[in-house]
Each structure stands twice: as structure tokens, then as C-alpha cells.
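Engineer: I would like the atomic coordinates for the input below:
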Amino acid sequence: MMTMEELRLREQAHDLRSIDEHELLTNFAFENRTVQGADKDGNYVVKNPSQIIDFKKIRKKITGEIEKDEAKVNQLKELSERAKKAREEAIRELKKGGN
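Structural biologist: Residues are numbered from 1 along each chain as shown. Predicted structure coming up:
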């Protein structure tokens with residue numbers, strides 16, 4: 001019998017393996033573009049495989065890392081807003097003292 005955590009890990013492993021297989025196929029297509037896939041000036045339309053699909057982002061979403069990254073970004077945004085408000089308050093206080 002499998003626990004819910006084991007089932008979740010199995011599903012996650014299956015999803016990661018599927019992404020690996022998809023990445024392999026995409027990389028084959030990317031290599032194929034060396035023969036085809038140029039614009040009218042002869043420049044490649046796709047410069048790297050991540051322009052087709054962002055596998056790092058998909059993996060992070062599957063493993064839950066993306067939520068951690070988003071939480072950190074939100075925390076940094078909040079700190080930046082606090083710093084901005086403190087700076088504005090300091091400027092107002094300086095102007096009050098200068099009058």
C-alpha cells in the first residue's frame with residue numbers, strides 16, 4: 001500500500017520524466033533547425049531551445065520551486081516598497097525642517 005506522499009512523489013517523478021522526454025524531442029527539433037528555419041536574411045528564427053519551451057520553469061513548477069521563487073520575489077518587492085516609503089517620508093521630514 002502506498003501513502004499519499006509516496007503517490008505524490010510518484011506522480012511528480014512521472015511528470016518530470018515526461019518533461020525530460022519532451023525536452024529530448026525539442027532538442028532534436030532544435031538541431032534540425034540548423035538545416036532549416038532561417039528567415040529571409042538567412043538568420044535563424046529560433047536562437048536557442050528555451051525559446052520553444054522553458055523546461056526549467058516547468059520543472060520548477062512540478063517540484064514546487066516556482067512558488068518559493070515567487071514568494072521570495074514578493075518579499076523583495078514588499079521590502080522595496082517599504083524602502084521607497086521610508087525614503088519618501090525622510091524627504092518630507094527634511095523639507096519640513098528646511099522651511
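Engineer: can you tell me how far the residue nearest the centre of the chain is from Glu65?
Structural biologist: Centre of the chain computed as the mean C-alpha position; nearest residue by C-alpha atoms, centre = their mean is Lys57, 4.4 Å away. Between Lys57 and Glu65 the distance, using C-beta to C-beta, to the nearest Å, works out to 10 Å. (Each C-beta comes from the backbone N, C-alpha and C, glycine too.)
Engineer: ok, Phe62 touching Gln12?
Structural biologist: Small correction: residue 62 is Ile, not Phe. Yes. In this structure, Ile62 is within contact of Gln12 by C-beta atoms under 8 Å, at 5.9 Å.
Engineer: what's the helix or strand containing Arg17 packed up against?
Structural biologist: Element membership of Arg17 [criterion: DSSP states H and E] is helix 4-32. The helices and strands touching helix 4-32, judged by 3 or more C-beta pairs under 8 Å, 6 or more residues apart in numbering; DSSP states H and E, are helix 55-63.
Engineer: how does this protein divide up, domain by domain?
Structural biologist: Using automatic domain parsing, the domain parsing of the chain gives 1-37+51-62, 64-99.
Engineer: now the helix holding Arg17: mean pLDDT?
Structural biologist: Mean per-residue pLDDT for helix 4-32: 91.
Engineer: tell me the buried residues in it?
Structural biologist: By neighbour count on 16 or more other C-beta atoms under 10 Å, the buried set for helix 4-32 is 19, 23, 30.
Engineer: now for the second one: which residues touch it?
Structural biologist: Contacts were defined as C-beta atoms under 8 Å, 6 or more residues apart in numbering; by that measure Glu23 touches 49, 53, 55.
Engineer: min pLDDT across the residues you listed, which one?
Structural biologist: Within the set of the contacts of Glu23, pLDDT is lowest for Pro49 (76).
Engineer: distance check, it against Asn27.
Structural biologist: 6 Å.
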